[in-house]
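Undergrad: quick check, what structure comes out for this input:
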Amino acid sequence: MRSGVIWMTRNIIDLINLKIKELQKNLLHLEQVSKVVNKENLKEDIIRYWGIERGLHISVECVLDISNIIISSLGLERPESYRETILTLYKQGIIPEKFAKQISGMASFRNILVHDYTRLDEDVVLDILKNRLNDFSVFIKYINKYLEENY
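TA: Sure thing, here's the model as predicted:
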């Protein structure tokens, strides 16, 4: 039985680390493009703009996937919404309350990207690209701290 627990734990850590690597890769690309994009040229190259949207989308999905993996590994009931998924990490003491509330808006942004993309506000995309990418890095920091302390 013990070896099964170790395998499961190793599997969870590997899966989370895989998602973190994907998130870090996306952040590198998004940080690069954030240096050259501004309001005037954001949609000049539609392929680049779609790349920005997709990069942000995948980054949010990584946050949600990591959160769900942790929630599942703790044997907790699956949250009813993506927002609740992030807030559950706060309730479990994995991320601070203020940070959880700050990034829980990622869930709404994800839903707009996926389901209501025709009403996506370019100013919001630009704001996230220019001012909120660090939220992803901070999230990674908290997750790594959690992993170090618990696995």
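Undergrad: which helix in the protein runs the most residues?
TA: For the chain, the longest helix by residue count, based on DSSP state H, is helix 2-34.
Undergrad: can you list the low-confidence ranges for the chain?
TA: 1-8 (pLDDT under 70).
Undergrad: where along this protein do the helices fall?
TA: Using DSSP H, the helices of the chain run over 2-34, 46-73, 82-91, 97-103, 105-115, 122-127, 133-150.
Undergrad: so which residue is dead centre in the protein?
TA: Nearest residue to the geometric centre of the chain (CA atoms, centre = their mean): Val63, 2.6 Å.
Undergrad: dump the residue contacts of that one.
TA: Taking CB atoms under 8 Å, 6 or more residues apart in numbering as the criterion, Val63 is in contact with Leu23, Ile86, Ile103, Met106, Phe136, Phe139. For glycine as for every other residue, the C-beta is placed from the backbone atoms N, C-alpha and C.
Undergrad: with distance to Arg54 and neighbour count as extra columns, can I get those residues in JSON lines?
TA: As requested, those are arranged in JSON lines below (distance: CB to CB, whole Å; neighbours: other CB atoms under 10 Å):
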{"residue": "Leu23", "distance to Arg54": "14", "neighbour count": "23"}
{"residue": "Ile86", "distance to Arg54": "21", "neighbour count": "25"}
{"residue": "Ile103", "distance to Arg54": "19", "neighbour count": "23"}
{"residue": "Met106", "distance to Arg54": "15", "neighbour count": "24"}
{"residue": "Phe136", "distance to Arg54": "15", "neighbour count": "24"}
{"residue": "Phe139", "distance to Arg54": "19", "neighbour count": "24"}
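Undergrad: from those residues, which is closest to Glu53?
TA: Nearest to Glu53 among these is Met106, at 13.9 Å by CB to CB.
Undergrad: residue contacts, the closest one?
TA: Val60, Val63, Leu64, Tyr82, Ile86, Asp135.
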